[in-house]
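Peer 1: just the structure for this:
(chains A, B and C)
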Amino acid sequence: MKVIKIDKKDWTGGIKKIQDSYRLFGPVKGEKFHDFKELGKGELPDLNFSNTRLSPKSIVYPQSEIMFEYSLDEKDSDHHIMKDAAKNYSPRAVLGIRPCDASAFLLVKRNFDTPEYRDPYWIRAYEATTFIGAACNNPCSTCFCTTAGSGPFNEEGLDILLSDAGDCWYAKAITEKGEKLLNAAGWSKAAAGGSLKKIESLKKEAEARISSSILTDQLKNKKTTELYEAPFWEDVSFACINCGTCTYLCPTCWCFDIQDENSGCSGVRMKNWDSCMFPLFTNHGTGHNPRGTKLHRVRQRFMHKLKYYVDKYDNGIQCVGCGRCIRSCPVNIDIRRVCDMMNSYDPKACACPVK
Amino acid sequence: MLNPYMPYPVSIDEIITETEDRNLKTFKFVFLNPGDEDKFSYRAGQFAELSVTGKGEIPIGIASSPTEKGFVKFTVNKVGLVSSYLHSMKVGDIMGIRGPLGNSYPWNTLEGKNVVIIGGGFAFTTLRSSIIFMLDPANRKKFKDINVIYGARTPGMLLYRDELAAWEKRDDINMHITVDAANDPDWKYNVGFVPAITEKKAPSADADTYAIICGPPVMIKFTQPVLDKLGYGHDQIIMSLENRMKCGIGMCGRCNIGKEFVCKDGPVFTLAQLNATPREY
Amino acid sequence: MLGYIDKIREISKRLLDEGRVDMVIGFRKGTMPMMNEPAFVKTPGEVSTLVWDSNCGINLANYLTDRKEKIGVIAKGCDSRNIVTHLLENKTKRDKLVIIGVPCKGMIDRRRITAMFDDEVREVTEEGDVITVKGTGFEKKLKKAEILQDNCSKCIHRNPVLYDELAAPLVEEQKDIDRYADVRLIEAMSPQEKWQYFEDLLSPCIRCYACRNACPLCYCPTCFVDEARPQWVGKSQDPIDIRTFHFLRAYHCAGRCTDCGACERACPVGIKIRQFTSKLNRDCLDMFGWEAGLSLDQRPPLDTFKPGDPGDFIK
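Peer 2: Residues are numbered from 1 along each chain as shown, chains lettered A, B, ... in the order given. Presented below is the predicted three-dimensional model:
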């Protein structure tokens, strides 16, 4: 595995060069917090952040995305027929993505890239993207990535991992895509021997700073219907106001809606993010709603992430431990607490006394 | 890369008003592009997204049979935004269909078996597809006895009345048509709810007999105990579910019951499968 | 306000013991600094989970809507005003409620405190009017009055207006407060400046609807933004649709809003949503002498007509 040393003086120049052949996205500090933005020419990412308020999923999967265009004007020969909207899948790079967020794309990929169907919008955008991770030296108290299948130096889903070694960056090229980007940036100075060891020790230090954890080992063994009927959902869901904060901020939530929007005699068919928290999400045309109460909807969110996904793909939970839903939930519903309740649930022990 | 969201353009070839309340219409579509019909190769029990340009899409069971060529047919209940608009459309109008989607009835399992079809109200569309498919001369010998119990509120609310009458006359299918109440003095078939007629007319269970049930929740709720009583195993009771859907391909996340997507892993499940999942339908 | 906890527990236990309520709705200790979680207790044995401190900003009136039980509810000034509004709008019944009033000294602004430090705030404790903020390698004492939520710093109804029990003696109300300085700033802008201001204000919106859902006033079974027939508002990130949502929602709250701050507290991207509602509150005060939720005996100004109502907007 090749490790490149990037002197901090070469940082700005390299970023400019990357922008010659890539659309570059990076964290930028707004008025109150950091978020990923497409960087203008010469604009630098600000890597002095713990993590962005919103996840970077929108770089691959925008909140609103036009799929098709159509004409409703019968004078047009192709009226009422869907036509592909113009797309830009030129190479793009995300500089400074946290390892947890990068590994989230792999989880989401299982939904959008299946043996039977492939979502061309997600896949083409994903394939066009090079992920340059910034290893996380300063995790939050709400981060639990190391027990959620990721970690502050986790390489899965990344093409390059940057580690801050003080006076320089160590850039570890993980994939060919990553090497290509390093070349484009003109970052080519091989790091001295021992850099891998240095990265390894930074990693150990960072992992030791993760103070929060979950247990997921029993989730697979639980019976779906028993977990579904567990009495704790009333308590877990009580505070929920059914807003979309948790799902919209989550790097692994992928649900969407399809909508036609007309303007005069033409229109577009688009995908918009949707949320299992919203009652309308599952409402039948007849008015019947199989997830008609907030208890249903809160349960769906946690069951999906921590049970259905586990059973469907046999590849861990649908969560990378970034902690955004905990930090931003307006009413402090905490997935760590719910996960522990699910993981330790014993229906026999919970023969709750009638109150 | 194939785009699973792209509908095939079709035009409306024929519109038939099926029921006396005029809330159910059957739409016959023809494909605009040669070759699309072959790509839209389906099995009875599958569904498609009807794409009404400018309004949206609705998932509807395919009412025509794979053995019927040159067109596809859907019977649509007027309920929401898209279906209401569709009801106002005319022959010759252009729209799209996307599919076929979902798993279909388990035809490999059903081959060589007795098939009991139990349907209620307007949930008879994919059952029509199945009956036409099984009665096709090339297929009929693959199945043993075919029994059909089909009920609606009134005679005027039955779908496909001409075909029902034709099947009544055949000897290779046993029809048990029923209505909740008949206002027609000439009504010569059964009167009574589907569960009661099932109890009287359905063959008792054996290892070679499968029941397919489609209908409103209340019908299913009361028919299932009858089948239990008749000895049907839960592996031999086959149901087709409906849920709100958008993508139809297991991606948009709303139609799941437990880990199964009704759109992609279903809509057809055995009762044994449903017993192991949350009943969110 | 920590001293209130024992009294809240004592009252809750008594109400449950005596069977006067089926549940008490209050707060339990959150899993993060400056956060508590709305929660219910149904047995006397559970009342020890109830807490009270300067992080109970969520409006609990929001949890009463359409519930069938007999409920004991903990209510600070704004919650109690929203309960009054709920009663006026028939969203709950007085005889279903036992209101445990909490005279309030304001809630602290979690967002502002977080933004004051470069490193993560890991622990926040309070003693009287001193808030101690700790993180790795730093500790700072802050005066509570200086880090209140904006709405709390401008609040003149800290005491509950309607209650059956009281968790503490009434507190002195704030006087000589300039509540509408922000409103005047916007009013002084030119139309172009206003437009730009609102555009910037709403640009981070992700349409999660946390503001709407945290608001006790927003109980419509289907919100106008969710209506499909007719569809009033598009569902994408189109700025026009986003503005339509915020403007119309604010108007739906006119004459009803108690300035509890739940909307701003809930917003994950920090939009100052009260910039809209404050203007409408001020107008209701100016035009009708009305503040929402102060009395059960008066109908809100926008659902009544009086001959003296201002009418100069009719041209």
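
Peer 1: and the contacts of stretch B:31-38?
Peer 2: A:Ile81, B:Tyr8, B:Pro9, B:Val10, B:Ser11, B:Phe40, B:Lys69, B:Gly70, B:Val72, B:Ile94 (CB atoms under 8 Å, 6 or more residues apart in numbering or on different chains). For the C-beta atoms, the positions are set from N, CA and C on the backbone; glycine is no exception.

Peer 1: could you export those residues as CSV, including distance to A:Tyr309?
Peer 2: What follows is those, written out as CSV (distance: CB to CB, whole Å):
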residue, distance to A:Tyr309
A:Ile81, 37
B:Tyr8, 32
B:Pro9, 36
B:Val10, 36
B:Ser11, 41
B:Phe40, 32
B:Lys69, 42
B:Gly70, 43
B:Val72, 35
B:Ile94, 40
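
Peer 1: quick check: the farthest pair among those?
Peer 2: A:Ile81 and B:Lys69 (23.4 Å; CB to CB).

Peer 1: who has more neighbours out of those two?
Peer 2: A:Ile81 (20 against 9; other CB atoms under 10 Å in any protein chain shown).

Peer 1: isn't B:Ser215 up against B:Gly120?
Peer 2: To be clear, residue B:215 is Gly; Ser isn't right here. Yes. Using CB atoms under 8 Å, B:Gly215 makes contact with B:Gly120 at a distance of 3.1 Å.

Peer 1: touching both of these two, which residues are there?
Peer 2: B:Val194.

Peer 1: and the pLDDT at the closest residue to A:Gly133 other than its chain neighbours?
Peer 2: Among residues not flanking A:Gly133 along the chain, A:Leu158 sits closest, at 4.1 Å (CB to CB, 6 or more residues apart in numbering or on different chains). pLDDT recorded at A:Leu158 is 97.

Peer 1: my guess is A:Leu158 contacts A:Ala134. True?
Peer 2: No. Using CB under 8 Å, A:Leu158 is not in contact with A:Ala134; the gap is 9.8 Å.

Peer 1: measure stretch B:140-156 end to end?
Peer 2: Start-to-end span of stretch B:140-156 (CA to CA, to the nearest Å) is 29 Å.

Peer 1: check whether that stretch contacts chain A.
Peer 2: No. On the criterion CB under 8 Å from any CB of the partner chain, stretch B:140-156 is out of touch with chain A, staying 15.8 Å away.

Peer 1: give me the distance between the residue lying farthest from the centre of chain A and B:Pro9.
Peer 2: Most distant from the centre of chain A: A:Lys75, at 44.2 Å, with distances by CA atoms, centre = their mean. A:Lys75 sits 17 Å away from B:Pro9, going by CB to CB, to the nearest Å.

Peer 1: and if you look at B:Leu164?
Peer 2: From B:Leu164 to B:Pro9 the distance is 33 Å (CB to CB).

Peer 1: how about the strands in the stretch 151-300 of chain C?
Peer 2: Using DSSP state E, counting those that start in this stretch, the strands of the stretch 151-300 of chain C run over C:165-166.

Peer 1: which bits of it sit near chain B?
Peer 2: For the stretch 151-300 of chain C, the residues in contact with chain B (CB under 8 Å from any CB) are C:Ala228, C:Arg229, C:Gln231.

Peer 1: shared neighbours of A:Leu158 and A:Ala134, which are they?
Peer 2: Joint contacts of A:Leu158 and A:Ala134 (CB under 8 Å, 6+ apart) are A:Ile97.

Peer 1: between those two, tell me which one has more neighbours.
Peer 2: A:Leu158 (29 against 25).

Peer 1: OK, now which residue of the stretch 1-150 of chain B is nearest to chain C?
Peer 2: Nearest to chain C, among the residues of the stretch 1-150 of chain B, is B:Leu81, at 5.2 Å (CB to the nearest CB).

Peer 1: tell me how many other residues crowd that residue.
Peer 2: With other CB under 10 Å as criterion, B:Leu81 counts 17.

Peer 1: so how far is A:Asn283 from it?
Peer 2: Here B:Leu81 is placed at a distance of 12 Å from A:Asn283 (CB to CB).

Peer 1: ok, now A:Asn183?
Peer 2: Taking CB to CB, one finds A:Asn183 at 52 Å from A:Asn283.

Peer 1: kindly report the same for B:Val218.
Peer 2: Using CB to CB, B:Val218 is found at 19 Å from A:Asn283.

Peer 1: and those two? which has more neighbours close in?
Peer 2: The neighbour count for B:Val218 versus A:Asn283, taken as other CB under 10 Å, is higher for A:Asn283 (20 against 13).

Peer 1: what does the stretch 151-281 of chain B have sitting close to chain C?
Peer 2: Looking at chain C, no residue of the stretch 151-281 of chain B is close enough under CB under 8 Å from any CB.

Peer 1: check what pLDDT whichever residue of the stretch 151-281 of chain B sits closest to chain A gets.
Peer 2: Relative to chain A, the nearest point of the stretch 151-281 of chain B is B:Gly253 (3.4 Å; CB to the nearest CB). As predicted, B:Gly253 sits at a pLDDT of 96.

Peer 1: got a list of what the nearest residue to it once chain neighbours are set aside touches?
Peer 2: Using CB to CB, 6+ apart and skipping residues adjacent in sequence, the residue nearest B:Gly253 is A:Cys255, 3.4 Å away. Contact analysis of A:Cys255 by CB under 8 Å, 6+ apart lists A:Thr247, A:Trp273, A:Asp274, A:Ser275, A:Cys276, A:Phe281, B:Cys252, B:Gly253, B:Arg254.
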